[in-house]
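Novice: My questions are about this predicted structure, shown below with the sequence.
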Amino acid sequence: MTFGCQMNAHDSRWLAGALIARGFAQTSIERARVVILNTCSVREKPEQKVKTAIGRVRAITGGDPEVLVAVTGCVAQQLGQTLFESGCQVRLVAGSDGINGVPEAVERLLDEPRLRLSLLDFTDHYSEREPVGCAIAGQSRPVTHVTVMQGCDNFCAYCIVPYTRGRQKSRAVKAVLDECRAALEMGGAREIMLLGQNVNAFGRDTTGDDDGFADLLARVAALPGLERLRFVTPHPGEMKPVDIESFASVAPLCPRLHLPVQSGSDRVLARMGRAYTRQDFYNLVAALRKARLDLALSTDIIVGFPGETEEDFNDTLETLTDCNFMSAFSFCYSDRPGTRAALFADKIAPERKQERLLRLQALQESLSGRWLEARLLQQTSLLIETRSPRQPCHNEEKVGERTEVLWQGRDPYGALVHVGLPSGRDHTGRMVPVEITKVGRHSLTGRQTGSAW
């Protein structure tokens, strides 16, 4: 089970691959000897969700002590060995830096049924993981995620990342390029997403190669076979002019950027420790859109941060409109143990936070709808990822002289697009030119306009 962010999903894929390489096979909980819960502590009530998941495993397996439960990731780092109190099945707890040792630990624990292990120490450098190949069980992935750094040095008042993932640690450039190259040459990748908690600070730490993030983007973009390049998540206060220029000079870099603003109020931003003002953010957005006129922006918003007034919240609503975000991940503030904001006394009442969240989401729904409507009749290209769930797997549709099956992929802006493609073949990983013909609430529909490649 995987909770949380793209980095967690990436960690889970690596864990699966590493265990498969050791002779394990993925199966249902009912049949499993090993169950791994890869956890996240960013969203609300993470500890409760993890303990609920442990209870679910116990119920499904009848509490069989021969079933090994491993809890990994941020909640494991946060709660540590107290998770062993959740029952005899929990025998492995591994934090963010300890995930590398999980496959070997699982093998040892299966051989020593009375043993419990905790892997909770932070390392002072990025520890490279054993390569497990670019595909799991022979399945190629058109989009590959590659971690370039881990941790963060910013210590924003609300954020638990520095405490659960540690201080910033960059990978060596060669290691990143080698993994990207392997994904393109052997894994069937057409698009690469570079991952990091503060990705544009890559190289600016004691473990880095002194190569900046913009240089890394250019070197990855030059790899043969790459069609598209994306990255997540940058910090607005640390984007350098050379990073911004990459959107004009690096051809495969997609015109889409997730740029977390968190609040539109200068007073709240200062209390959060975000190290930029609202005007700084506006200046950054203007510079980015000057470099790439069609750049689409998404963002993160925290509603109801301690001390947030109605005026502060209205500043956030205004910022949402001024920046014209195509989408936003928004959620109510909640305390994270050990963070500065958890000690702030001026908490906002839950009903007030929820009311503000609904207002903000209604505004963003309108902005997102307008952005999607503007795509109608536009020409674009899709990277096909999978069959569309809109159409039952075995159904086909006659369109003119050909029989089509509905597939889905993403355009360069990251928008989900459904398109009918000729039946009788697997279109996964193909690039397809389309025209947008229909706008839905959260996705688009298109028709193929040329030959796929």
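Specialist: Here it is on my side, so go on.
Novice: How about residue 155, nearest residue that isn't a chain neighbour?
Specialist: Leaving aside its sequence neighbours, residue 155 sits nearest to residue 162 (C-beta to C-beta, 6 or more residues apart in numbering; 5.3 Å). Backbone N, C-alpha and C define where each C-beta goes, glycine included.
Novice: ok, the one you found touching residue 150?
Specialist: No. Contact criterion C-beta atoms under 8 Å: residue 162 and residue 150 do not qualify, at 10.9 Å.
Novice: Neighbour count: those two, which is higher?
Specialist: residue 150 (25 against 19; other C-beta atoms under 10 Å).
Novice: Kindly state the beta-bridge partners for the more buried one.
Specialist: residue 169 (DSSP bridges).
Novice: For residue 165, list the residues it contacts.
Specialist: Residue 165 sits next to 74, 77, 96-97, 150-152, 197 when contact means C-beta atoms under 8 Å, 6 or more residues apart in numbering.
Novice: go with 6 Å
Specialist: Neighbour list for residue 165: 96, 150-151 [criterion: C-beta atoms under 6 Å, 6 or more residues apart in numbering].
Novice: of all those residues, which comes closest to residue 433?
Specialist: Nearest to residue 433, judged by C-beta to C-beta, of the contacts of residue 165 is residue 150 at 37.4 Å.
Novice: what about the closest one, distance to residue 234?
Specialist: 15 Å (C-beta to C-beta, to the nearest Å).
Novice: and if you look at residue 420?
Specialist: For residue 420 relative to residue 234 (C-beta to C-beta), the value is 36 Å.
Novice: could you measure residue 103 against residue 433, distance?
Specialist: 42 Å.
Novice: Compare those two (neighbour count), which wins?
Specialist: residue 103 (22 against 17).
Novice: my read: the more buried one touches residue 16, true?
Specialist: No. The pair residue 103 and residue 16 does not pass the contact test of C-beta atoms under 6 Å, sitting 10.0 Å apart.
Novice: Flag every buried residue along the longest helix along the chain.
Specialist: Ordering each helix of the chain by length in residues (DSSP state H) puts helix 350-373 first. The neighbour-count check on helix 350-373 (16 or more other C-beta atoms under 10 Å) flags 352-353, 356-357, 360-361, 363-364, 367-368, 371-372 as buried.
Novice: Ok, stretch 86-96 next?
Specialist: Going by 16+ other C-beta under 10 Å, stretch 86-96 has these buried residues: 86-87, 89-96.
Novice: Serialize the residues you listed to TSV and add fields for distance to residue 312, pLDDT and secondary structure.
Specialist: Formatted as TSV, the buried residues of stretch 86-96 follow (distance: C-beta to C-beta, whole Å; pLDDT from 0 to 100; DSSP: H, G, I helix; E, B strand; the rest coil):
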residue	distance to residue 312	pLDDT	secondary structure
86	40	93	helix
87	44	92	coil
89	46	96	coil
90	42	96	strand
91	47	97	strand
92	44	97	strand
93	39	97	strand
94	39	96	strand
95	35	93	coil
96	33	88	coil
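Novice: Reformat those residues as JSON lines; add distance to residue 325.
Specialist: Output for the buried residues of stretch 86-96, formatted as JSON lines (distance: C-beta to C-beta, whole Å):
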{"residue": "86", "distance to residue 325": "40"}
{"residue": "87", "distance to residue 325": "43"}
{"residue": "89", "distance to residue 325": "43"}
{"residue": "90", "distance to residue 325": "41"}
{"residue": "91", "distance to residue 325": "44"}
{"residue": "92", "distance to residue 325": "40"}
{"residue": "93", "distance to residue 325": "38"}
{"residue": "94", "distance to residue 325": "36"}
{"residue": "95", "distance to residue 325": "33"}
{"residue": "96", "distance to residue 325": "29"}
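Novice: Show me the strands in the stretch 251-400 of the chain, by range?
Specialist: Ranges of strands within the stretch 251-400 of the chain are 256-258, 296-303, 327-332, 379-387, 397-399, based on DSSP state E, counting those that start in this stretch.
Novice: Dump the ones you listed into CSV; add mean neighbour count and mean pLDDT as well.
Specialist: As requested, the strands of the stretch 251-400 of the chain are exported to CSV (neighbours: other C-beta atoms under 10 Å; pLDDT from 0 to 100):
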stretch, mean neighbour count, mean pLDDT
strand 256-258, 22, 98
strand 296-303, 21, 98
strand 327-332, 18, 96
strand 379-387, 19, 97
strand 397-399, 11, 68
